[in-house]
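Novice: predicted structure and sequence below. I'll ask about it afterward.
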Number of protein chains: 2
Amino acid sequence: MAVYTEVPDDEMAAFVARYGIGDLLSAKGIAEGVSNSNFLVHTTAGFYILTLYEERTDAADLPFFICLMEHLARRGLTCPQPLKAADGQAVGRLAGRPAAIVTFLDGLSVRRPNAQHCAELGRGLALLHQAGSDFAMERVNDLSVPGWRPLAEQAGAQADTVSPGLARRVLAEIAEHEAHWPADLPRGVIHADLFPNNVFFIQNRLSGLIDFYFACTDALAYDLAICLNAWCFEADASFNLTKGQALLAGYESVRRLTDAEVAALPVLCRGSALRFLLTRLVDWLNVPPGALVKPLDPMEYDRKLAFHQRVRDAGDYGLRR
Amino acid sequence: MAVYTEVPDDEMAAFVARYGIGDLLSAKGIAEGVSNSNFLVHTTAGFYILTLYEERTDAADLPFFICLMEHLARRGLTCPQPLKAADGQAVGRLAGRPAAIVTFLDGLSVRRPNAQHCAELGRGLALLHQAGSDFAMERVNDLSVPGWRPLAEQAGAQADTVSPGLARRVLAEIAEHEAHWPADLPRGVIHADLFPNNVFFIQNRLSGLIDFYFACTDALAYDLAICLNAWCFEADASFNLTKGQALLAGYESVRRLTDAEVAALPVLCRGSALRFLLTRLVDWLNVPPGALVKPLDPMEYDRKLAFHQRVRDAGDYGLRR
């Protein structure tokens, strides 16, 4: 749930007026997006989403995100479309922050995805990778291997207050990946945060993808590893092979994985589990007093990491050849 | 900001289907309403608000609230309209709680009301009192004088941890009102919680009232006292006489106050300041660990109470005769 920046109604009305979408009729803060504040805005022209970019989003990255959403839509993917203001710019300033207005997407995110949802997701992810294949801009994934040691150092010995031995386990895992992380895998635009809350369905068909604010240029199969972690485990951290099969088969129905990607899948799953373990751990240890955000449990990803450490090959995730 | 009950998407879709408003297309938790969870729901028929009634709302009171909103709309007041499900009932059950769907109202709530907003509010409040004058149902105001001592006892000596001497000040004020609270004032339906976040404006004209879940049968002028407290003070607890004049003149442009109401206004203002002081104090002292709700500052109402204790008569609020 997002912390909402309070926006005076007259400033909101003036901001909306610059986008040529009629007069502002209502604006409601919505519980969507983790790192930014979002408002559902109604004007005489329709419904829109207004996003205020909070500290976690680097303003210098906004052109990448905005241009990516425009590019993907031109390639037929359903995702929010940034509107241009009277000055031709998508991003303006509101309440002291960068802000943009995007189109409103229908669809419901599923809290408990089933295998059919996973198959749809796999197909949608591959279509995203195809649609992004000729996107010209690049953005480094600052939450990949080089970003992990600084996160572990931020948590420090305090990690052991969350789980005994966690600090040591995390450092061993980081050293392993620093030495052996796969290079030369097919690269391109990845979403990098395609959790169930960022995927919309209408009557069990994937209807759209949202929240591109972690998108970057990285190994395509790493995105698949993030989805295996986010969609195919049960609440008790057990891996659901039927969902894994569905996700991978859905993906390969659009884009077949290379042999190198198949071989790398277990280590990519370990790495992506470690990435979410680390960011959640740092958030968990740094909840400011009076915060309105409840941090996500880092231990969920510690348990998923342990599963991946025992995996033999991509067949254990349900890849069938 | 409300705490949201998580509702599985299939349960949400099944609930909405019972109301004959087409298929569910999206549902977003919104930051509106303090005591209940609200979702902005989009269906093939349009936009609606779905409310889940949390613990603070007594299910036995729901027929009063639902019938009141229907009654007020028939009398021409703009407020949310409850929809009836296939079984003819407005209230059903969702995620283990009572739930209802009401129409979506356009409009923006103002965070910093000016005198024009106060004039509009005064007029709107009087129109609400007129529209409610022939409403047949009654509901006791459980947050009036008899409810105050139990709240003070709940806070107990802990009140002094918020402000030295507060426990004693509160008890003295309660004793005063228990002895001298005005009887025989004109009564009827009051909103009882008409804070700026519950009043919508479109281009500075009042466009609708929401959140009737504290509405009850009580002295009409008590509602006016609540509004003087909620709309006419500045952030530093100083009273803005221009706003007070505007609110009272707006009210009297529709319904003239009786002499007894005019005479009682200062004590009604003291009482309503005490009511919000007490409920905020109890909330402040009982924030559960990990709560997502930031409690409102009780001391704001302690300072307002001090202002009312020095008032000579209704003229000090800006009433002109």
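Specialist: Noted; the coordinates are in hand.

Novice: so which bits of chain A are right by chain B?
Specialist: Contact residues (C-beta under 8 Å from any C-beta of the partner chain) of chain A with chain B: A:1, A:4, A:6, A:8-9, A:12-13, A:23-32, A:40, A:42, A:47, A:105-112, A:200-203, A:290, A:292-294. (C-beta placed from N, C-alpha, C; glycine too.)

Novice: these in helices, which ones?
Specialist: A:9, A:12-13 (DSSP state H).

Novice: which one of those is nearest A:A126?
Specialist: Nearest to A:A126 among these is A:M12, at 38.6 Å by C-beta to C-beta.

Novice: which residue packs closest to the closest one, ignoring adjacent ones?
Specialist: A:A27 (5.4 Å; C-beta to C-beta, 6 or more residues apart in numbering or on different chains).

Novice: tell me the contacts of the one you found?
Specialist: Going by C-beta atoms under 8 Å, 6 or more residues apart in numbering or on different chains, A:A27 touches A:7, A:9, A:12, A:16, A:39-42, A:50, B:108.

Novice: and those as TSV, adding neighbour count and pLDDT?
Specialist: Formatted as TSV, those follow (neighbours: other C-beta atoms under 10 Å in any protein chain shown; pLDDT from 0 to 100):
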residue	neighbour count	pLDDT
A:V7	22	87
A:D9	18	86
A:M12	19	93
A:V16	26	96
A:F39	25	93
A:L40	21	93
A:V41	23	95
A:H42	23	95
A:L50	24	96
B:L108	22	92
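
Novice: CSV for the residues you listed, including distance to A:Q81?
Specialist: CSV is the format used below for the contacts of A:A27 (distance: C-beta to C-beta, whole Å):
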residue, distance to A:Q81
A:V7, 22
A:D9, 25
A:M12, 20
A:V16, 16
A:F39, 17
A:L40, 16
A:V41, 14
A:H42, 17
A:L50, 13
B:L108, 24
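
Novice: looking at the residues you listed, which is nearest B:G244?
Specialist: For those, the nearest to B:G244 is A:D9 (22.0 Å; C-beta to C-beta).

Novice: show me the contacts for that closest one.
Specialist: Applying C-beta under 8 Å, 6+ apart, we find A:D9 in contact with A:27, B:108-111, B:201.

Novice: of these, closest to A:A192?
Specialist: Nearest to A:A192 among these is A:A27, at 29.1 Å by C-beta to C-beta.

Novice: what are the bridge partners for that closest one, then?
Specialist: In this entry, A:A27 is beta-bridged to A:V41, by DSSP bridges.

Novice: wait, A:W181 touches A:N141, no?
Specialist: No - if you go by C-beta atoms under 8 Å, A:W181 and A:N141 don't touch, sitting 11.7 Å apart.

Novice: hmm, back to that, lowest-confidence member of the contacts of A:D9, which is it?
Specialist: pLDDT across the contacts of A:D9 is lowest for B:R111, at 87.

Novice: for the residue lying closest to that one once chain neighbours are set aside, report the pLDDT, please.
Specialist: Distances taken as C-beta to C-beta, 6+ apart put A:P8 closest to B:R111, at 5.6 Å, once the chain neighbours are dropped. Listed pLDDT for A:P8 reads 85.

Novice: now do A:P8 against A:A27, distance only.
Specialist: 11 Å (C-beta to C-beta, to the nearest Å).

Novice: and A:P182, by the same measure?
Specialist: According to C-beta to C-beta, A:P182 and A:A27 sit 46 Å apart.

Novice: and the ones in helices among the residues of chain A next to chain B, which is closest to B:P80?
Specialist: Of those, the one sitting nearest to B:P80 (C-beta to C-beta) turns out to be A:D9, at 19.6 Å.

Novice: neighbours around A:R205, how many?
Specialist: A:R205 is flanked by 12 other residues according to other C-beta atoms under 10 Å in any protein chain shown.

Novice: with just CA atoms, put stretch A:132-150 into PDB.
Specialist: Output of stretch A:132-150 as PDB, limited to C-alpha atoms (Å, rounded to 0.1, in the frame of the first residue of the first chain):
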ATOM      1  CA  GLY A 132      10.500  -4.600 -26.200                       C
ATOM      2  CA  SER A 133      13.100  -6.200 -28.500                       C
ATOM      3  CA  ASP A 134      13.500  -3.000 -30.700                       C
ATOM      4  CA  PHE A 135      13.300  -0.500 -27.900                       C
ATOM      5  CA  ALA A 136      16.300   1.800 -28.300                       C
ATOM      6  CA  MET A 137      16.800   3.100 -24.800                       C
ATOM      7  CA  GLU A 138      18.800   1.200 -22.100                       C
ATOM      8  CA  ARG A 139      18.600   1.300 -18.300                       C
ATOM      9  CA  VAL A 140      21.000  -0.600 -16.000                       C
ATOM     10  CA  ASN A 141      19.400  -3.000 -13.600                       C
ATOM     11  CA  ASP A 142      20.600  -1.500 -10.300                       C
ATOM     12  CA  LEU A 143      19.100  -4.300  -8.300                       C
ATOM     13  CA  SER A 144      21.200  -7.100 -10.100                       C
ATOM     14  CA  VAL A 145      24.400  -8.600  -8.800                       C
ATOM     15  CA  PRO A 146      26.500  -5.400  -8.300                       C
ATOM     16  CA  GLY A 147      23.600  -4.000  -6.200                       C
ATOM     17  CA  TRP A 148      23.400  -6.900  -3.800                       C
ATOM     18  CA  ARG A 149      26.500  -6.500  -1.600                       C
ATOM     19  CA  PRO A 150      25.700  -2.800  -0.800                       C
END
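
Novice: check which residues of that stretch are buried.
Specialist: A:132, A:135, A:139, A:141, A:143-144, A:148-149 (16 or more other C-beta atoms under 10 Å in any protein chain shown).

Novice: just the strands in chain A please.
Specialist: A:24-30, A:37-43, A:46-52, A:92-94, A:97-103, A:187-190, A:199-202, A:205-209, A:216-219 (DSSP state E).

Novice: out of the ones you listed, which is closest to B:I210?
Specialist: Proximity to B:I210 (C-beta to C-beta) singles out strand A:24-30 among these, at 11.0 Å.

Novice: pull the distance from the closest one to the chain's centre.
Specialist: Centroid separation between strand A:24-30 and its chain, computed with C-alpha atoms, centre = their mean, to the nearest Å, is 25 Å.

Novice: and the angle for it with strand B:46-52?
Specialist: Relative orientation of strand A:24-30 versus strand B:46-52 (axes from the mean of the first three to the mean of the last three C-alpha atoms, to 10 degrees): 40 degrees.
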